[in-house]
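A.B. asks: Everything below, folded, please.
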Amino acid sequence: MKLPSNFRALSFIFLVASWSFVAGCTSSFGPGYIINKQDIDVHFDPGPPPHIATKSSYELTNSGTQPLSVLELRLPGKRRFKTSNVELTWDGQALNTEQSPDNPRNALVKLPQSWQVSGRHSLHIAMSLELPGPGEWSYLGFTPDAFFLPAHGWAPELLPARGIFATGGVPPDKWNLTIHVPNGFSVHTSGDKIKSSKHGEETTVHARQRIVDIYPYVIAGRYVSKQIGSDRQKIYLWTRKQQDPGDIRAVSDSLVKTLGNYNLVFGERSAAQPPTGFLGRHHSQSKNAPPLWLAECPVIPGCFTLVPTPLLKGGQLEVRRSEMISLDSAMIDPSSGLKNMTLATAPALAASWLGYGQSSGFHEQDPPLSAFPAFAAAVGDEALNGATARMETIRRALAAIPKDSPPLGKESDTALHAKSFLFFYALQDRYGQETFRKAVRHMLDSRRNTDFNLDDLIAAFDQEAHGNTAAFVRLWMKHPGVPADFRAKYENTSAQKNTSLKETTP
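C.D. replies: Got it, this is the predicted structure:
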C-alpha cells in the first residue's frame, strides 16, 4: 500500500525522535537499525561526454529486537535521473535489488546472511548519472561547464525496517559530502563547507552535513558570481556570462521589493532548522535573512519540471522558467533578460517561504492548496506593480473560468487551477489583509517541517477569525465556477475605483 506523503513526513520525524531515544538506551521496541556513519562522494567528469559518478557509504548497526533479512531503500527516480552502472555491495559482496511490491519507487535488497541484532555491516552504493538522449527532455541535464543536483532524489535514501515500531534510515547528526570538480568551478552545496583542496586539474570540496540537511544538493560550474540584494537579504546571482550592470541593479531592486512583500504576508523566511528540541539542538535567529542563490541552468531541457506557473501575465499557463532545488537555491533561465527575471523567478522563490525542503508533500497538494505557490507569486507581482496588479491578475484568472458552469459539471484543469488561485483572494476579501496574514503565518509556523493541508488552513483561519471557514471553503470548492458576488465585484475592473482592502467582519 502506498502511504500518503504527509504520513511519510510525520513518520520521518517520529523515526528521528525514535533514533535519538534508541541512541540513549540499550534496547529498542521493534526491528530497526542505526546509520553510525555516512559519506557521499560526487565526482563530476566533464567528458566528453560529461557524467556524474556518485558513491555512498554507510556503516550500519542492527539496533532492533530481531535479525533482519531485507533492506529497503529508494534509488534515484528513473523519470528524473538517467542512471547507469548501479552497484550495491554488503561487506564487499555484490547485492541485487528488486522492486518493492508495496511501492514501485522503492527497492528491496535481500541480504546474503541474516543481519543479527547488534551486528555491524558496511553498505556501499555506486552509480553514474548520465546525459539524456535525444527526446529525453524529462531527465536532469548538464554540460561540461556546469551541473546541479537538487535536494531529494539523486542520492540513495535508506528507509526504515519493516514491522511494528520499526526504525532506521535516519542519517547521523553529522556526515560528509565530498564533491570533485574541475579547477575553476564555483560550488554551492548543502551543509557547512569545511575545506577545499586542489590536486592537479581537480578541486575537492568537503562539506559537513547536519541533521537538517536530510536531502543534500549541489550547484557547480564556471559561473560569474554577483552579490545583489540588500544588507539584510543577500542574494547571489550566478550566470554563465557577464551581465549588464544596469540590468543587475534593476533585478536586485525588484527582488528586494518582492522578498520584502513575502516577508510581510507569509512571515520571514528562516534557514533550515530542526523542530524545537529536535535532538536537543537549538539555533538562534539572526537579524539578517538567510542568503538566496539564483543560478543559471546548465541546459534548459530537463532543468525544470513541467509544472504550470500561475496566471500572472497573459492569463495562460506556461512552463516555468525557474525552480527551487533547495530551501535556499533556485535554478533560473535568464534567456529573456535579467529585467524579466523577477517575474520569472517569483513562483520559485515563493516556494521557499511556503516550506520547500521542509515538507515532503509540498509539491503534492490538492486544490485549492496546490495553487498556494501561484498566489504567493502574485503577491510578489503586486510588490512590483502596485495595487492595480491585484485587479488585473484576478480579472485574468476569472476569464479562465466559464460563467455558466452546469451545477454538477466537471471543471477543466485550467478552470480548477484558476478557481483555486482566486480562492486565496476571496479569503483576503472575507477576512481582511491583516487577519489573512496572521492565519497564513499561523499555519506555516505550526506546520513547519511537516506537511500542511486544507484542514490546517481552515483551523488557522478559525482561530484567527473566529468564523466558520469550512462553510466558506465548501461554497468555493464544492461547486463549479466562482460565487456570483465575487465575479460581479471583479469582472468589470473599470468600475473599481479603490483597490485597497479593509478589515471586514465575516
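
A.B. asks: where's stretch 75-87 relative to the chain centroid, distance-wise?
C.D. replies: 20 Å (C-alpha atoms, centre = their mean, to the nearest Å).

A.B. asks: I'd like the average pLDDT over that stretch.
C.D. replies: Confidence for stretch 75-87, expressed as mean pLDDT, is 91.

A.B. asks: and the end-to-end length of stretch 140-151?
C.D. replies: 13 Å (C-alpha to C-alpha, to the nearest Å).

A.B. asks: Need the residues that contact the helix or strand containing Met331.
C.D. replies: Element membership for Met331, per DSSP states H and E: strand 329-332. Outside strand 329-332, the residues that touch it by C-beta atoms under 8 Å, 6 or more residues apart in numbering are 148, 188, 217, 219, 292-297, 303-304, 321-325, 341, 344-345, 348-349, 352. To be clear about C-beta, it is placed using only N, CA and C from the backbone, and glycine gets the same treatment.

A.B. asks: mind listing what it pairs with, with the direction of each?
C.D. replies: strand 292-296 (parallel), strand 322-326 (antiparallel) (DSSP bridges).

A.B. asks: Buried deepest among these, which one?
C.D. replies: Most buried of the strands paired with strand 329-332 by mean neighbour count (mean count of other C-beta atoms under 10 Å) is strand 322-326; its value is a mean of 24.

A.B. asks: Need the contact partners of that one.
C.D. replies: For strand 322-326, using C-beta under 8 Å, 6+ apart, the contacting residues are 148, 150-151, 190, 215, 217, 219, 294, 303-305, 307, 330-333, 344-345, 347-349, 351-352, 356-357.

A.B. asks: which residues does Thr239 form a beta bridge with?
C.D. replies: Beta bridges link Thr239 to Val224, judged by DSSP bridges.

A.B. asks: Would you mind measuring from it to Leu338?
C.D. replies: Per C-beta to C-beta, to the nearest Å, Thr239 is found 8 Å from Leu338.

A.B. asks: So which of those two has more stuff around it?
C.D. replies: Between Thr239 and Leu338, counted using other C-beta atoms under 10 Å, the more crowded position is Leu338 (22 against 18).

A.B. asks: Please name the nearest non-neighbouring residue to the more buried one.
C.D. replies: Spatial nearest neighbour of Leu338, chain neighbours left out: Asp247 (4.0 Å); criterion: C-beta to C-beta, 6 or more residues apart in numbering.

A.B. asks: what number of residues lie near the one you found?
C.D. replies: Neighbours around Asp247, by other C-beta under 10 Å: 15.

A.B. asks: how about the strand or helix carrying it: buried residues?
C.D. replies: If you go by DSSP H and E, Asp247 is part of helix 245-266. Residues of helix 245-266 classed as buried: 248, 250-252, 254-256, 258-262, 265-266 (neighbour count, 16 or more other C-beta atoms under 10 Å).

A.B. asks: Which strands or helices does that helix pack on?
C.D. replies: strand 224-229, strand 234-239, helix 341-353, helix 372-385, helix 433-446 (3 or more C-beta pairs under 8 Å, 6 or more residues apart in numbering; DSSP states H and E).

A.B. asks: CSV please, covering those and showing distance to Ile34 and mean pLDDT.
C.D. replies: What follows is these, written out as CSV (distance: least, C-beta to C-beta, whole Å; pLDDT from 0 to 100):
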stretch, distance to Ile34, mean pLDDT
strand 224-229, 40, 95
strand 234-239, 37, 95
helix 341-353, 32, 78
helix 372-385, 37, 81
helix 433-446, 30, 89
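
A.B. asks: ok, the closest residue in space to Arg74 that isn't next to it in sequence - contacts?
C.D. replies: Excluding its sequence neighbours, the residue lying closest to Arg74 (C-beta to C-beta, 6+ apart) is Glu157, at 4.2 Å. By C-beta under 8 Å, 6+ apart, the residues touching Glu157 are 73-74, 169.

A.B. asks: still on that earlier bit, which ChimeraX command selects the buried ones in the contacts of strand 322-326?
C.D. replies: Only the buried members of those enter the following ChimeraX selection, criterion being 16+ other C-beta under 10 Å:
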select :148,150,151,190,215,217,219,294,303,304,330,331,332,333,344,345,347,348,349,351,352,356,357
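
A.B. asks: returning to that earlier point: now the helix holding Asp247: mean pLDDT?
C.D. replies: 89.

A.B. asks: the inter-axis angle of it versus helix 341-353?
C.D. replies: With axes from the mean of the first three to the mean of the last three C-alpha atoms, to 10 degrees as the basis, helix 245-266 and helix 341-353 are set at 30 degrees to each other.

A.B. asks: orientation of helix 245-266 relative to strand 224-229 in degrees?
C.D. replies: Going by the same axes, to 10 degrees, helix 245-266 makes 50 degrees with strand 224-229.

A.B. asks: gap between helix 245-266 and the chain center?
C.D. replies: Distance, centroid of helix 245-266 to centroid of chain: 21 Å (C-alpha atoms, centre = their mean).

A.B. asks: before we move on, what about stretch 296-306?
C.D. replies: 16 Å.

A.B. asks: same thing with stretch 236-254?
C.D. replies: Centroid separation for stretch 236-254 versus its chain: 25 Å, with C-alpha atoms, centre = their mean.
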